[in-house]
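Enquirer: Predicted coordinates and the sequence they were generated for:
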Amino acid sequence: MKIGPQTHRSSAISSSNQDTILVRGRDLCGELIGHVSFTDHAWLLVTGQMPNAAQRRVLDATLVAIAEHGLVPSVQASRLTLAAAPEALQGAVAAGILGCGSVILGATHEAGRLLHEVVTRAGAGSLDSAAKDVVQEHRAAQRAIPGYGHPLHKTADPRVVRLFEVATAAGCRGRHVEAAHAVERVLPVATGKQLAMNVSVAIPAVLLDAEFPLAALKGVPILARTAGLIAHLLEEQSRPIGFVLSHAGAAAIDYDGPKPDGFVTSDQ
């Protein structure tokens, strides 16, 4: 069943004939392979334009910043899937990507929307005033403020500091980074707590200032984390811990459902 009018029957991303493969209008073999980095190519694919030096540096920095984050749930899901189906590397990668939601990785997109709203509402005016209004509206609607607070990095996330340094050095630090700071300043009054920004707000801040599309923000951590997942799955093949994770998870959970008299679980 169609959803909405299907008036477009074309794509501007790629095409080919017997001699040439085109990607965004550029000759894949003659202009791209061996001439551009994967970061360049990713920007070209998403936007249709080659990045300038600042855009390249910022996107590359964000990809490096979020590619690996230890044994988070999405990585565990990936390793457990490979343990159960060692022939299905693609399935294990997919399992990890499917575990990227509003808490892990997906917060980048939501934080980007928050910053975009603050910057749009402020216009040429005060970011602090706009940030205060937006935060108050989120609180009134009982919506979380994405990208702030971290269980480990209480005062400052070192990745935030470094990404802002990169953006500044590249010459493309702008209103979205300043909006991120504005939200951080108004949060103590709104929440009663000092919540430092984490990498999930730094990534969209620097990318939006570099003119990366808002609608594509969620794809950046997914693209980056794919590399991390492949690393974990390669290690899983040679140094497997999938079933260790599985048994540890089962051991951490007590059964408190109905049971017949005299029944004792096997771990007691």
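Expert: Everything's here; your move.

Enquirer: List phi and psi for the residue nearest the centre of the chain.
Expert: Compute the mean C-alpha point of the chain, and by CA atoms, centre = their mean the closest residue is Pro221, 2.9 Å away. When read as degrees, to the nearest 10, the backbone of Pro221 gives phi -70, psi -30.

Enquirer: you'd agree it is up against Ile97?
Expert: No. Here Pro221 does not reach Ile97: they are 10.1 Å apart, not a contact under CB atoms under 8 Å. In this view, the C-beta of every residue, glycine as well, is placed from N, C-alpha and C.

Enquirer: Now stretch 79-90: buried residues?
Expert: Within stretch 79-90, the residues that qualify as buried are 79-83, 89, counting by 16 or more other CB atoms under 10 Å.

Enquirer: Closest to Glu178 out of those?
Expert: Nearest to Glu178 out of the buried residues of stretch 79-90 is Arg79 (CB to CB; 39.7 Å).

Enquirer: Quick check: the gap between that closest one and Glu236.
Expert: Counting by CB to CB, to the nearest Å, the gap from Arg79 to Glu236 is 5 Å.

Enquirer: mean confidence score for stretch 80-98?
Expert: Taken as a whole, stretch 80-98 has an average pLDDT of 95.

Enquirer: residue contacts, Asp60?
Expert: Asp60 sits next to 37, 39 when contact means CB atoms under 8 Å, 6 or more residues apart in numbering.

Enquirer: quick one: it from His8, how far?
Expert: 32 Å.

Enquirer: now do Gln142
Expert: 38 Å.

Enquirer: ditto for Gln237
Expert: Distance check for Gln237 against His8: by CB to CB, it reads 43 Å.

Enquirer: More neighbours: these two, which one.
Expert: Gln237 (10 against 6; other CB atoms under 10 Å).

Enquirer: Is the more buried one in a helix, a strand, or coil?
Expert: helix (DSSP: H, G, I helix; E, B strand; the rest coil).

Enquirer: give me every residue that touches it.
Expert: Contact partners of Gln237, counting by CB under 8 Å, 6+ apart, are 82, 86.

Enquirer: Model confidence score at it, please.
Expert: Gln237 carries a pLDDT value of 96.

Enquirer: how much distance is there from stretch 148-155 to the middle of the chain?
Expert: 17 Å (CA atoms, centre = their mean, to the nearest Å).
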